[in-house]
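>>> this is a predicted model, with the sequence first.
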Number of protein chains: 2
Amino acid sequence: MPTQVAYLGPKGTYAEQAAGYLAKLEKLSQPEFIPCCGLRSVIEHLVNKHCEAAVVPIENSVEGGVTTTLDSLWAHPNLFIQRALVLPIRHAFISSGSLNEITEVLSHPQALAQCTDWLSNNVPNAIQLPTNSTSEAVRMVKGSKFRAAIASKTSSEVEGLENIAYPINDVAGNCTRFVLLTNQKSDITGDIASFAFSLHANKPGALLKALTCIADLGLNMNRIESRPSKRELGEYIFFVDIDLQEKSIDTKDRLNKLLKPLCENIIYFGSYVTSEMTLD
Amino acid sequence: MPTQVAYLGPKGTYAEQAAGYLAKLEKLSQPEFIPCCGLRSVIEHLVNKHCEAAVVPIENSVEGGVTTTLDSLWAHPNLFIQRALVLPIRHAFISSGSLNEITEVLSHPQALAQCTDWLSNNVPNAIQLPTNSTSEAVRMVKGSKFRAAIASKTSSEVEGLENIAYPINDVAGNCTRFVLLTNQKSDITGDIASFAFSLHANKPGALLKALTCIADLGLNMNRIESRPSKRELGEYIFFVDIDLQEKSIDTKDRLNKLLKPLCENIIYFGSYVTSEMTLD
């Protein structure tokens, strides 16, 4: 039976590359990739059980946490992280015109942000227009000599366009961590465990107490990110990744025992393996 | 002499409202408001000393920290926060057509995100198109019966359009904190102090040590947000707001003494007063 995997489409996006690699690493049987329009739609596809898995970006090394993904993990406690992949991001400047003719540059806001210096040095007067995905931008510049898109090299090949410049991202080591989500908790224990918690009250030292619990178990927290509770300004949810060097199976129970009295809510997203891709 | 204040334009944006209030609260002499295209351009205006002040959003109660503002404060240590204002955000659905004719909805990505539920209940099939500002969206829907914009009520009045529905934001208490930035450190001590730090290394417990320093001084941290260092995945800068109840003038020196040995870099953005606006 095929496994349906939703991702941020259209074809040619970085998310499609990530979905292909993650399906192979996870040994999914007959993966069938379903492009969705918008990140929320990818996640809703999985939440509503229209597919078995979804591949979404969770963090970029330059632009930070992907807030839609973090907020969705908190809002839907039946989503679990099965596996993570760090994908290098190299943007190309794509057009059928030449550099000095370009008056409009289209791309996803994150990709535009990641090329700020290059754009102001090379096309300082071009207007920047945000799109829903990098591949959508490529489709929208097709047939115009005055428009350019920022996207992966692969997506220009899909549409038969030219890569005028590559790579154009300001930070050479730009990469994005993608995760494979499913509706079922994995039994496999990986090297990273992810969870999020909200505190009973924004009392002085409340967060410090929670972090001390984590440290007291000898766990190294390698990431903390706060997101608004959406109820009122100043009320937060904290997303934490911890290293699981010992791969102890009862880490969750031990953490839960210590954190529960301090927290209004705790949600565990799973423990999983992270792989890193290198560029050809 | 007039005081030039840059903000995210065009006219009619929430940032323009915030700039007006902040200029009054700060008693700026003859404020002259300069609309800029894009948040980066607002900040560059101030960094390059083309204006005396800039008003920028720093945090929204639903969508979280405004990453461009946080990253700019870290990148430009000569920017200081003089004053903050919490502005309630109430979005209107603006068009010259009627609700059942709308096929495209335009707005700033943050505003679109803040009305997700309303949009899927009322115009489920309309395509969402991101723009650079809410007011730009209003200008772009003028003259079309099939396009609608999400923006403040004020901006529809500027362009002579109709508010078809109001308010349409999913969270009733939606508000944004704006800050007035200048190139000069204020001598006034307020109720909040903001700073950011990067740690020497992502060692186990390194962040915990820094937060313990803050707690040891009896200071309540009311916000912590991490941003990527942009050098490599897993390396962060932490942005912290602390309550200054005692308004002690040597807080910064005491903090600096404790934090400095743990940090690669610390930047203080100032201590300042926060005001809250209520809607008419």
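Sure, I can see it.

>>> do I have it right that residue A:276 meets residue A:86?
Yes. The pair residue A:276 and residue A:86 qualifies as a contact (Cβ atoms under 8 Å) at a distance of 4.5 Å. Where C-beta positions appear, they are placed from N, C-alpha and C, glycine not excepted.

>>> more neighbours, those two?
Counted by other Cβ atoms under 10 Å in any protein chain shown, residue A:276 and residue A:86 do not tie: residue A:86 has more neighbours, with 19 against 12.

>>> what bridges to the more buried one?
residue A:177, residue A:276 (DSSP bridges).

>>> quick one: average pLDDT of stretch A:103-122?
For stretch A:103-122, the mean per-residue pLDDT is 92.

>>> list the buried residues for that stretch?
A:104-116, A:118-119, A:122 (16 or more other Cβ atoms under 10 Å in any protein chain shown).

>>> any idea which of those is closest to residue A:214?
residue A:110 (29.8 Å; Cβ to Cβ).

>>> so where's chain A shaky on pLDDT?
A:202-204, A:246-249, A:279-280 (pLDDT under 70).

>>> need the contact partners of stretch A:194-211.
The contact list for stretch A:194-211, computed with Cβ atoms under 8 Å, 6 or more residues apart in numbering or on different chains, reads A:70, A:73-74, A:81, A:221, A:224, A:229, A:234-242, A:255, A:259, A:262-272, B:207-208, B:211-212, B:215, B:220-222, B:224.

>>> buried sites along that stretch?
Neighbour-count burial for stretch A:194-211 [16+ other Cβ under 10 Å]: A:194, A:195, A:196, A:197, A:198, A:199, A:202, A:204, A:205, A:207, A:210, A:211.

>>> and for stretch A:64-84?
So, applying 16+ other Cβ under 10 Å, buried residues of stretch A:64-84: A:64-74, A:76, A:79-84.

>>> same question, stretch A:48-59
A:51, A:52, A:53, A:54, A:55, A:56, A:57, A:58, A:59.

>>> about what we covered before: which ones among the buried residues of stretch A:103-122 are found in helices?
Counting by DSSP state H, the part of the buried residues of stretch A:103-122 found in helices is A:109, A:110, A:111, A:112, A:113, A:114, A:116, A:118, A:119, A:122.

>>> dump those into TSV; add distance to chain B as well.
Formatted as TSV, those follow (distance: Cβ to the nearest Cβ, whole Å):
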residue	distance to chain B
A:109	6
A:110	10
A:111	13
A:112	10
A:113	8
A:114	10
A:116	7
A:118	14
A:119	11
A:122	16
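
>>> and which of those is nearest residue B:1?
residue A:116 (32.7 Å).

>>> thought that closest one was touching residue B:39?
No. The pair residue A:116 / residue B:39 is not scored as a contact, 11.3 Å apart, by Cβ under 8 Å.

>>> tell me the residues of the stretch 151-280 of chain A that contact chain B?
Counting by Cβ under 8 Å from any Cβ of the partner chain, the positions of the stretch 151-280 of chain A adjacent to chain B are A:171, A:173, A:175, A:177, A:202, A:204-205, A:207-208, A:211-212, A:215, A:220-228, A:230-234, A:236.

>>> report the buried members of the residues you listed.
Buried by 16+ other Cβ under 10 Å: A:171, A:175, A:177, A:202, A:204-205, A:207, A:211-212, A:215, A:220-221, A:223-228, A:230, A:233, A:236, out of these.

>>> quick one: classify the residue most central in space within chain A as helix, strand or coil.
Closest to where the C-alpha atoms of chain A average out (Cα atoms, centre = their mean) is residue A:57, at 1.5 Å. Here residue A:57 is strand, with the state taken from DSSP: H, G, I helix; E, B strand; the rest coil.

>>> show me what from the stretch 1-150 of chain A comes close to chain B.
A:38, A:40, A:59-64, A:67-68, A:86, A:109, A:113, A:116, A:128, A:130-132.

>>> what do you get if the cut-off is 10 Å, keeping everything else the same?
By the rule Cβ under 10 Å from any Cβ of the partner chain, the part of the stretch 1-150 of chain A lying against chain B is A:37-38, A:40, A:44, A:59-65, A:67-68, A:70-71, A:86, A:108-110, A:112-114, A:116, A:120, A:127-132.

>>> ranges for the strands of the stretch 151-280 of chain A?
Using DSSP state E, counting those that start in this stretch, the strands found in the stretch 151-280 of chain A span residues A:162-165, A:175-182, A:192-199, A:221-228, A:236-243, A:263-276.

>>> tell me which of the ones you listed lies nearest to residue A:9.
Between these, strand A:175-182 lies closest to residue A:9; by Cβ to Cβ that is 14.3 Å.

>>> coming back round to it: so of the buried residues of stretch A:64-84, which ones are in helices?
Those of the buried residues of stretch A:64-84 lying in helices (DSSP H): A:67, A:68, A:69, A:70, A:71, A:72, A:73, A:74.

>>> one step back: any common contacting residues for residue A:276 and residue A:86?
A:175, A:177, B:233 (Cβ atoms under 10 Å, 6 or more residues apart in numbering or on different chains).

>>> would you list the phi and psi of the last one?
Backbone dihedrals for residue B:233, given as degrees, to the nearest 10, come out at phi -60, psi 130.

>>> residues in contact with it?
A:59, A:60, A:61, A:62, A:86, A:173, A:174, A:175, A:176, A:177, A:223, A:276.

>>> tell me how far it lies from residue A:172.
According to Cβ to Cβ, to the nearest Å, residue B:233 stands 13 Å off from residue A:172.

>>> over to residue A:3?
35 Å.

>>> what of residue A:130?
24 Å.

>>> between those two, point out the one with more neighbours.
Comparing residue A:130 with residue A:172 by other Cβ under 10 Å, the one with more neighbours is residue A:130, at 19 against 8.

>>> beta partners for the closest residue to that one other than its chain neighbours?
Spatially, and ignoring its direct neighbours in sequence, residue A:130 is nearest to residue B:130 (4.1 Å; Cβ to Cβ, 6 or more residues apart in numbering or on different chains). Residue B:130 has the following beta-bridge partners by DSSP bridges: residue B:107.

>>> verify the contact between residue B:130 and residue A:137 for me.
No. Shown here, residue B:130 and residue A:137 do not form a contact pair, counting by Cβ atoms under 10 Å, at 11.4 Å.

>>> overlap in contacts of those two?
A:108, A:129, A:130, A:131.

>>> burial of the second one, as a residue count?
Using other Cβ under 10 Å, the number of residues around residue A:129 comes to 20.

>>> contact partners for the residue nearest to the centre of chain A?
Going by Cβ under 10 Å, 6+ apart, the list of residues near residue A:57 reads A:7-8, A:13-15, A:18, A:39, A:42, A:63, A:65-66, A:68-69, A:87, A:89, A:110, A:176-179.
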